[in-house]
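Peer 1: this is a predicted model, with the sequence first.
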Amino acid sequence: MINIKENERLSTLNHSCAHLLAQAVKHLYPNALFWVGPVIDEGFYYDIDLGDITLTESDLPAIEKEMKKIAKDGKRIVRHEISKNEALDLFKNDPYKLDLISKMDENDTVISCYTQGDFTDLCRGPHVESVKELKNFKLLKVSGAYWKGDSNNKVLQRIYGICFENAEDLESHLHYLEEAKLRDHRKLGKDLGIFMTSDLVGKGLPMYLPNGYIIWEELENYIKGKEKKLGYTHVLTPPLGNVELYKTSGHWEHYQENMFPKMEVEGEEFVLRPMNCPHHMMIYGNEIHSYRDLPIRIGEIARDCRFEASGALKGIERVRTFCQNDAHLFVTHEQIKSEFESVVNLILEVYQELNIKDYRFELSLRDPLDKVKYYPDDEMWNNAENTLRKVLNDIGIKYVEKIGEAAFYGPKLDVQVRPAVGNEYTLSTCQLDFCLPMKFNLNYIDKDGTKKTPVVLHRAIFGSLDRFIAYYLEETKGLLPLWLSPVQINIIPVNNKYHIEYAKNIYAELKDLNIRVNLDAREEKLGFKMREAVMKKIPYTIIIGDKEIESNMISYRKCGSEETHTLTKNEFTTKILEEIKNKENTSLN
């Protein structure tokens, strides 16, 4: 997806188009008053006070028509520099502009406005030369927005739009937006009964419904199974801790702005944990360890809480509570390379099995000039970064270096996935940490009988299960691979009177094989039930009629296909069980 703000020409076009929108609104609604109309990553918007009038999306075509009429006239856009007093007089009837002007110091700020035909707006620009350049635009939606973002203020009408250089780019972008709607995990989550949110429960606190928990449980079992084969042991730790724990780890000093406020109980101060490493440090320190015990790999599907501004929340992709697929590997210096390589191989194995192909690696390093964000130990940082860089080079991983993106305690390898829609983001991560083991005075007894400090690898393969489910729903458009689907098979008897008993027998046989199966015995037409099975993204639908009963066979369709296949019961169950076992995938595109 293109970022409008990062493209100078597109930014200018969209900023100018916001003025074109305001001019058209003023023509259609003469009493309209205007706040601000900035360029955003996705285009532009303008906040407008229309009094008692509430716009809906059905009003947008009329505004677009007026915008096109203005653009066709081809008026030049002329810039004027004016004094503060002139600005106050020019916009004396618009309290929103007066509020902006009143805060300006004309000794420090050049006050300017732009005029196009019969419309003048306060703005510092820049703008295109003429409105005739603003032909390829589209108004996208309308919503309410508090003036200045303050809930105590009046709600204004916010109209969003986008503008491009040519019709082809606009059409391509509109197609992208339609695709994004189809893939939006929030809509899919609602339509498929995967998760819900409630303001009464709290913003950013999603709840997984039965279908969603099936997906969750399958992913948890999948990744835990892989970890157990690699020698991980799993633990369960509380989702909060004493503030002193986070002061010891350094999170209180370096990460407090991302944490919820502390709470006091019986003289102790607690905080909801933002991450799990301090708890795992304590578990390691609970016993005396020999060099023979290392590496020790502690894993947990752990509940964490981080404060996110309400405007940043998004379904289950960006939340205030989430479950990390977390693990901490306590290793000797000599084991760093082999254990780090093992983590990378696990990431690559999972991505291959789940058909994740579009990704890249980033080596996130500290900014040595930032003395606040990062733990202040140059020798430790240089050692950690050089070690990690050498390991990556030795195992042949291609990566780019990103200064200033490290955790406060150490460098890390991030895997950036490029989703079918939206911007890329981090899915998996592996961090090298010399810092926290020292802070918690962790050690092991080495071969020579001396105490040594272990090195810790922090790693997450799915990142958080929440974000991974959001990502996977959008990549598959909700048509999950069979092993992950909440309902794997739907059975539809053509006529309940004649076909229900055979359908029930098949249902029971599949159920006994731990296949998630549904029997649709409602008194509805076959076509209706078939369409509904497709809408619910059920991978296989079995149709039972006279022919199937007479031949003791099973006829089925795959979701999205009009082709019907017929197999024996044994052939069908063998096929289904093999597909589940092999975790065969739908294509991610």
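Peer 2: Looks like it came in fine. Note that the structure is predicted; figures quoted are calculated from it, not measured.
Peer 1: residue boundaries of the helices in the stretch 351-500 of the chain?
Peer 2: 378-395, 435-439, 465-476, 496-512 (DSSP state H, counting those that start in this stretch).
Peer 1: lowest-confidence stretch among those helices?
Peer 2: For the helices of the stretch 351-500 of the chain, mean pLDDT drops lowest on helix 378-395, to a mean of 83.
Peer 1: what packs against that one?
Peer 2: helix 336-353, strand 359-365, strand 412-417, strand 425-433 (3 or more CB pairs under 8 Å, 6 or more residues apart in numbering; DSSP states H and E). The C-beta positions use only the backbone N, C-alpha and C, and glycine is treated the same way.
Peer 1: Serialize those to a markdown table and add fields for mean pLDDT.
Peer 2: Formatted as a markdown table, these follow (pLDDT from 0 to 100):
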| stretch | mean pLDDT |
| --- | --- |
| helix 336-353 | 92 |
| strand 359-365 | 91 |
| strand 412-417 | 91 |
| strand 425-433 | 90 |
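Peer 1: what about the ones you listed, which gets the closest to residue 286?
Peer 2: Across those, residue 286 has its closest neighbour in strand 425-433 (18.8 Å, CB to CB).
Peer 1: helices or strands next to the closest one in the packing?
Peer 2: Using 3+ CB pairs under 8 Å, 6+ apart: strand 425-433 touches helix 336-353, helix 378-395, strand 412-417, strand 455-464, helix 465-476.
Peer 1: the shortest one pairs with which strands?
Peer 2: In the sheet containing strand 412-417, its partner strands are strand 359-365 (antiparallel), strand 425-433 (antiparallel), by DSSP bridges.
Peer 1: now those strands in JSON lines, with mean neighbour count and distance to residue 46?
Peer 2: JSON lines is the format used below for these (neighbours: other CB atoms under 10 Å; distance: least, CB to CB, whole Å):
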{"stretch": "strand 359-365", "mean neighbour count": "18", "distance to residue 46": "37"}
{"stretch": "strand 425-433", "mean neighbour count": "22", "distance to residue 46": "29"}
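Peer 1: count of residues packed around residue 495?
Peer 2: For residue 495, the neighbour count with other CB atoms under 10 Å is 11.
Peer 1: now do the contacts for it.
Peer 2: residue 545 (CB atoms under 8 Å, 6 or more residues apart in numbering).
Peer 1: now it: how far from residue 566?
Peer 2: 18 Å (CB to CB, to the nearest Å).
Peer 1: not counting its neighbours along the chain, what's nearest the residue most central in space within the chain?
Peer 2: Residue closest to the average C-alpha location in the chain (CA atoms, centre = their mean): residue 317, at 3.4 Å. Spatial nearest neighbour of residue 317, excluding adjacent residues (CB to CB, 6 or more residues apart in numbering): residue 470 at 4.0 Å.
Peer 1: pretty sure that neighbour sits against residue 184.
Peer 2: No. Contact status for residue 470 versus residue 184: not in contact, 9.5 Å apart, counting by CB atoms under 8 Å.
Peer 1: more neighbours: which of the two?
Peer 2: residue 470 (26 against 20).
Peer 1: what residues are up against the more buried one?
Peer 2: With CB under 8 Å, 6+ apart, residue 470 has these contacts: 185, 189, 315-317.
Peer 1: okay if I get these as TSV plus distance to residue 562?
Peer 2: Output for the contacts of residue 470, formatted as TSV (distance: CB to CB, whole Å):
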residue	distance to residue 562
185	27
189	28
315	32
316	33
317	34
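Peer 1: so where's the stretch 451-589 of the chain uncertain?
Peer 2: Across the stretch 451-589 of the chain, the ranges flagged by pLDDT under 70 are 585-589.
Peer 1: rerun that using 80 as the cut-off
Peer 2: Scanning the stretch 451-589 of the chain for pLDDT under 80 picks out 584-589.
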